[in-house]
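J.: Sharing a model prediction with you, sequence too.
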Amino acid sequence: MAGSDQRRDQMLAAAAELIAERGYSETRIADVAKRVGASSALVVYYFGTKDHLLTEALRYSDRLFYDVADRLLEETEGVREQLELLVTLTCIPEGDDELPGAWGLWFDLWAQAFRHPEISKDRQEADRRWRDTIKGVVNRGIKTGEIPRTNVETFALTFAALLDGLAIQVALEDPDLDPTRATKIAMEFATLTLSLPKPKRKRR
């Protein structure tokens, strides 16, 4: 079973890379099979259709993202610092191809979700998890007394939409919106809306 799961993850990683590189419409099941050294029939056995492969590739990418995000949130103290971490994970690439790759998957998911109910449902689940992550940070801030009570649901919905818009422009390399400016815009909104405490001074 472990070997089967590993093989499946290899296919998902390959699919995620190819969709990010070429786009969904230019990625064939045969391309995924070739990249992992398998037959097209084996990829079809695991995933059935290309639409299903897309949603599973996004789930795989999300799983890796939240493995990192959850660990970093545990290591980060303070509601301001945790929100800034979420902005960083969304808007600032750690490597040359990290952000375009991640957002390439999302671009194709949105495009396919517009016409395919099954993919639309998966997109909704992914959005819900992201908003729940934001709500978790804000609720902890309220519980610790760092910020006053607020409409957490509305903030999470608005902040998630703001980050989506900013990250898209950063991913598309908008000359008027680099990662630094995107972070500033997002954190100014969070500060005003939540009455965030001032940033903690970094130890020298």
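T.: That came in fine, so what should we check first? Numbering: from 1, shown residues only.
J.: and the helix or strand hosting E56, what does it pack onto?
T.: E56 belongs to helix 50-75 when assigned by DSSP states H and E. Applying 3 or more Cβ pairs under 8 Å, 6 or more residues apart in numbering; DSSP states H and E, one finds that helix 50-75 makes contact with helix 2-22, helix 29-36, helix 40-47, helix 79-91, helix 98-113, helix 117-143. Placement of C-beta: from N, CA and C, glycine included.
J.: Show me what the helix or strand that the longest one is followed by is in contact with.
T.: Read in the C-terminal direction, the helix or strand following helix 117-143 is helix 152-171, with elements assigned using DSSP H and E. Contact partners of helix 152-171, identified using Cβ atoms under 8 Å, 6 or more residues apart in numbering, comprise 83, 86-87, 90-92, 99-100, 103, 127, 130-132, 134-135, 138-139, 142, 177-179, 182, 185-186, 189-190, 193-194.
J.: How about stretch 48-63?
T.: 9, 11-13, 15-16, 19, 24, 27-29, 32, 43, 47, 102, 105-106, 108-109, 112, 116, 118-119, 122, 126, 129.
J.: Can you give me the neighbour number for T183?
T.: 18 (other Cβ atoms under 10 Å).
J.: Can you name the residues that contact it?
T.: For T183, the contacting residues are 84, 87-88, 91-92, by Cβ under 8 Å, 6+ apart.
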